[in-house]
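**Student:** sequence? don't have it. structure:
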């Protein structure tokens, strides 16, 4: 069985692979392109607000634990309007959090270093400066950053070249690393998650998870069963004698090979760009829609007075609330969270800007009031999430295809927007409208 992880009693615990769906492997299609500025600005704002809500309810270490979970990470990016399945989610989420948390990092106690390309290479100097500024061990964090990168580029040889390294750290020195490699020939990416609270050794099964497609036999010197090999390599380097090398080779060649390399849990993402019914747990979607209809009038009466936006915004708020409060097992279908705010490439539909901005307004107001001691609105969001889970086993609703058709039909009225432009300006027979 393949291992997986859940949160229990404030800790990330390992469970058996048969207790949760889609564990064990992941395929992240390698996509090019940029996030348009109008969406990047909103992603930074929503990412920061969700972070603050999680910290308010569960603490900042819990936010880092969630970033170290590949299923939650992918769902987090999808709810912010990024491509729901592609490698670009990694870059965009790290970038959005780095921008969104920068103004409140000192107050919140969470800091983001690194990024893609040249930003990745600046991670050591950013960590050193951060350590000097807030009084944590910058040198130790820099060493951790370099070791993490070295393990995933050298100790784990799986055909992917690292190009992105994001380092998240709290004022207490707890950290999470999310880094990604690419295989250009296969147009695929693999994402690696690390978390310091669960790290006993950098070289003995240190990962929280590895996401990516299988590339044949993988050399993983961080596997616990490779400890003998690690020792042997050190001895070989010290001795540098041909007799010793022949001796060691003979002993390794005669060793039994009945046990395969242990695989860490990782997310499976399909190659197709469009969101399909098979990508979504429809009963959970129906639970969300039912909760929005039932709790919305009770907890968000003023919001529902907004013509054409209010009820739709409550649906998005229910999905955002699940990102804040949901258990890890609920993120096995990251595509479902793209139904909150669509996607920049019109999959599953164009980003409904009016809805996105209403979601931001409600979340900002709720977090601001909670900081002042008034938690009623954040509690209303928590009730919305609880109601969705209560209703999902019995709720009925439209088919997935009917739901998408409705969202696409009303997209112009909700200021639907994508990289192709405003939906209201795209001709009905345009190839973009049919995507």
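**Tutor:** All right, it came through fine. Everything numeric here is computed off the predicted structure, so don't read it as measured data. Numbering: from 1, shown residues only.
**Student:** what's near enough to touch residue 384?
**Tutor:** 291, 292, 295, 296, 299, 314, 317, 318, 321 (C-beta atoms under 8 Å, 6 or more residues apart in numbering). Any C-beta I mention is one placed from the backbone N, CA and C, and that applies to glycine too.
**Student:** Counting neighbours, what do you get for the closest residue to the fifth one other than its chain neighbours?
**Tutor:** Of all residues beyond its chain neighbours, the one nearest residue 299 is residue 380 (3.9 Å), with distances taken as C-beta to C-beta, 6 or more residues apart in numbering. The number of residues packed around residue 380, counting by other C-beta atoms under 10 Å, is 18.
**Student:** From residue 316, how far off is residue 380?
**Tutor:** Distance, residue 380 to residue 316, by C-beta to C-beta, to the nearest Å: 14 Å.
**Student:** Can you tell me the element residue 308 falls in?
**Tutor:** With secondary structure defined by DSSP states H and E, residue 308 is part of neither a helix nor a strand.
**Student:** Now that it has come up, it's in contact with residue 413, right?
**Tutor:** Yes - contact criterion C-beta atoms under 8 Å: residue 308 and residue 413 qualify, at 5.9 Å.
**Student:** Please identify which of these two sits among more neighbours.
**Tutor:** A side-by-side neighbour count of residue 308 and residue 413, using other C-beta under 10 Å, places residue 413 first with 15 against 11.
**Student:** Secondary structure class of that one, three-state.
**Tutor:** helix (DSSP: H, G, I helix; E, B strand; the rest coil).
**Student:** Just the ones in helices from the contacts of residue 384, please.
**Tutor:** The subset of those located in helices under the criterion DSSP state H comprises 291, 292, 295, 296, 299, 314, 317, 318, 321.
**Student:** Which of these sits closest to residue 344?
**Tutor:** Ranked by distance to residue 344 (C-beta to C-beta), the ones in helices among the contacts of residue 384 are led by residue 317 at 20.7 Å.
**Student:** how close does the closest one sit to residue 174?
**Tutor:** Taken as C-beta to C-beta, the span from residue 317 to residue 174 is 29 Å.
**Student:** With residue 64 instead?
**Tutor:** Distance from residue 64 to residue 174, by C-beta to C-beta: 6 Å.
**Student:** Which residue, neighbours along the chain excluded, lies closest to residue 333?
**Tutor:** Nearest non-adjacent residue to residue 333 (C-beta to C-beta, 6+ apart): residue 281, at 4.9 Å.
**Student:** before we move on, the earlier item: which two among the ones in helices among the contacts of residue 384 are spaced furthest apart?
**Tutor:** 296 and 321 (12.0 Å).
**Student:** before we move on, the earlier item: show the contacting residues for the residue nearest to residue 299.
**Tutor:** Neighbour list for residue 380: 295, 299, 300, 366 [criterion: C-beta under 8 Å, 6+ apart].
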